[in-house]
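# fold the following, please.
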Amino acid sequence: MEIALCHPFVVPSRGGCETYIVDLARRLRQDGHQVHLYAWDWDQSVLPTGVICHRLPAPRKIWRPLRPWLFSRVCLKELRHQSHHLSIGFDKTYGQDVLYPQGGLYRATLEGNYLIQPTPWGRWLARVRRSLDLATWSFLMLERKQYLQERPIVLVNSQMVRGHFQHYYGIEGERLRVVPSAIDPGRFPPSARRSLRQLCRSEWGCSDDEPIGLFAATNYPLKGLVPLLHALRHIPVGERFRLVVAGNAQTKQYVNLSRRLKVDDRVAFVGYCADMKKFYFGADFLVHPTFYDPCSLVVLEALACGLPVITSRYNGASELLTPSDAGIVVDDPHNHQQLATALIAMLNPERRGLATWAARQAAARWTFEDHYQRLVELFGELVRTRRAA
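Predicted coordinates for the structure are as follows:
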């Protein structure tokens, strides 16, 4: 097949979607498919050999509310001159045959951002502020065009996101297909675990037997760092435990909060890390009490490294925690006591050992290869349907 992948920037250091596009392109090329990339910019060093790149014209300065509209327009114009079997757009774009919103619905993301506020009054104020934001209006209009005015096949990465499409836009049936996210486990070789674990623990000043929970994110408010710090107050003083916070170098307000809560002795803020695998191998479990995640890649990466997971029901990846021993799903990140209870459960060596085994089983149950084969099967079906029409 000749497949076009469309996204403004394909630079893996920018985020999970960009990393996924590179992994998908690499696997497609291995099977001999012709892959075209339409983007404003990309990192050539990470792209597999043979990908045909099309640099789309981009203005020097792009006003954020108009960015997806401009990209969609120039991408669609270029695609009309081509005859690919299938075109796939990721996140905020329209006009492709298949749309794969890895970040979920924007409307659902907004609701998740409102949930960050612990009180109804705070959520109301958050809604008012958003209603005055031009980017919010622009992206909501774009979403209606993507899914209501256009009629693409929509891929979603969890049953949770499928429910959002049905609830907000009434989209269901054959137009809406669920293909859970997956990661390439080859990026986390078990052979590197021991040496990287020792290196990390040495840097963190921790012994090998001290339980360590890892919180990894760039958007600390949305992923639940504030309630997590509050939950640490409910862990008994005698329990050995360290929380490592990684992903974003802007930590001043959270360092100050940990001091006010008197839990700063339990928290290590380590900032940005270019290669997260050493942090996964250095930790004992992942803590991800998010307010919204369509299907968190950090959870999938943790499972691939044998880390059990504590997350929330607002994370589509919680559907992959089977057997249930692979993790704990909390109902509300603002319930500090419930979150603390989950943390304490993971501090039990026997429980954690069982959960580590279950995490590896969960990771093996749905791999990137499974994900890829499901995608190729779907792509083939769509191409056959178009030819028959």
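
# please enumerate the strands of the stretch 251-389 of the chain.
267-271, 285-288, 309-312, 327-330 (DSSP state E, counting those that start in this stretch).

# redo these as CSV? Include mean pLDDT, mean neighbour count and distance to Leu105.
The C-beta positions use only the backbone N, C-alpha and C, and glycine is treated the same way. Converted to CSV, the strands of the stretch 251-389 of the chain look like this (pLDDT from 0 to 100; neighbours: other CB atoms under 10 Å; distance: least, CB to CB, whole Å):
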stretch, mean pLDDT, mean neighbour count, distance to Leu105
strand 267-271, 91, 17, 31
strand 285-288, 96, 26, 20
strand 309-312, 96, 27, 18
strand 327-330, 93, 23, 21
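
# save these as a markdown table, and put in distance to Leu47 too.
A markdown table is the format used below for the strands of the stretch 251-389 of the chain (distance: least, CB to CB, whole Å):
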| stretch | distance to Leu47 |
| --- | --- |
| strand 267-271 | 28 |
| strand 285-288 | 29 |
| strand 309-312 | 31 |
| strand 327-330 | 34 |
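
# those: which one's closest to Arg193?
strand 285-288 (14.5 Å; CB to CB).

# the closest one packs against which elements?
Contacts defined by 3 or more CB pairs under 8 Å, 6 or more residues apart in numbering; DSSP states H and E place strand 285-288 against strand 212-216, helix 297-304, strand 309-312.

# quick one: which of these is nearest Ala283?
strand 212-216 (3.7 Å).

# now do the closest one and strand 267-271, the angle between them.
40 degrees (axes from the mean of the first three to the mean of the last three CA atoms, to 10 degrees).

# numbering from 26 from now on, please.
New numbering, starting at 26: the last item is strand 237-241.

# beyond strand 237-241, next helix or strand please.
helix 250-256 (DSSP states H and E).

# show me what that following helix is packed up against.
Looks like helix 250-256 contacts helix 277-285, helix 361-371 (3+ CB pairs under 8 Å, 6+ apart).

# out of those helices, indicate the one that is most buried.
helix 361-371 (a mean of 19; mean count of other CB atoms under 10 Å).

# packing partners for that one?
Against helix 361-371 (3+ CB pairs under 8 Å, 6+ apart) you get helix 250-256, strand 334-337, strand 352-355, helix 374-390.

# what comes into contact with the second one?
Right, strand 334-337. Residues outside strand 334-337 that contact it (CB atoms under 8 Å, 6 or more residues apart in numbering) are 238, 249, 310-316, 318, 321, 324, 327-328, 342-343, 346, 351-358, 364, 367-368, 371, 384.

# any idea how this protein splits into domains?
Segmentation of the chain into domains, based on automatic domain parsing, reads 27-207+393-413, 211-388.

# give the contact list for the nearest residue in space to Gly249 that is not next to it in sequence.
Distances taken as CB to CB, 6 or more residues apart in numbering place Pro314 nearest to Gly249, at 3.6 Å, with adjacent residues excluded. Pro314 makes contacts with 248-249, 252-253, 335-337, 355, 358, 364, as judged by CB under 8 Å, 6+ apart.

# would you mind giving those as JSON lines with distance to Gln69 added?
Output for these, formatted as JSON lines (distance: CB to CB, whole Å):
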{"residue": "Lys248", "distance to Gln69": "31"}
{"residue": "Gly249", "distance to Gln69": "36"}
{"residue": "Pro252", "distance to Gln69": "41"}
{"residue": "Leu253", "distance to Gln69": "38"}
{"residue": "Ile335", "distance to Gln69": "39"}
{"residue": "Thr336", "distance to Gln69": "35"}
{"residue": "Ser337", "distance to Gln69": "38"}
{"residue": "Val355", "distance to Gln69": "42"}
{"residue": "Pro358", "distance to Gln69": "40"}
{"residue": "Leu364", "distance to Gln69": "43"}
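
# now the residue nearest the centre of the chain: how far from Gly331?
For the chain, the residue sitting closest to the mean C-alpha position, by CA atoms, centre = their mean, is Ser321 at 3.6 Å. Distance, Ser321 to Gly331, using CB to CB, to the nearest Å: 17 Å.

# circling back: of the helices and strands packed on helix 361-371, flag the one that's most buried.
Most buried among the helices and strands packed on helix 361-371, counting by mean count of other CB under 10 Å: strand 334-337, with a mean of 27.

# just checking: what are the partner strands of that strand?
strand 310-313 (parallel), strand 352-355 (parallel) (DSSP bridges).

# ok now it, how far from the chain's centre?
Its chain's C-alpha centre and that of strand 334-337 lie 14 Å apart, by CA atoms, centre = their mean, to the nearest Å.

# any low-confidence regions in this structure?
The chain contains residues with pLDDT under 70 at 348, 414.

# where along it do the helices fall?
Secondary structure of the chain (DSSP state H): helices located at 41-55, 92-104, 131-140, 145-156, 159-169, 184-194, 218-229, 250-256, 277-285, 302-307, 322-329, 361-371, 374-390, 393-413.

# most tightly surrounded among those helices?
helix 322-329 (a mean of 26).

# ok, Gly128 - contacts?
42, 116, 134, 319.

# swap that for Ile260, please
266, 291, 365, 368-369, 372.

# apply 6 Å and report the result again.
Shown in contact with Ile260 (CB atoms under 6 Å, 6 or more residues apart in numbering): Ala365.
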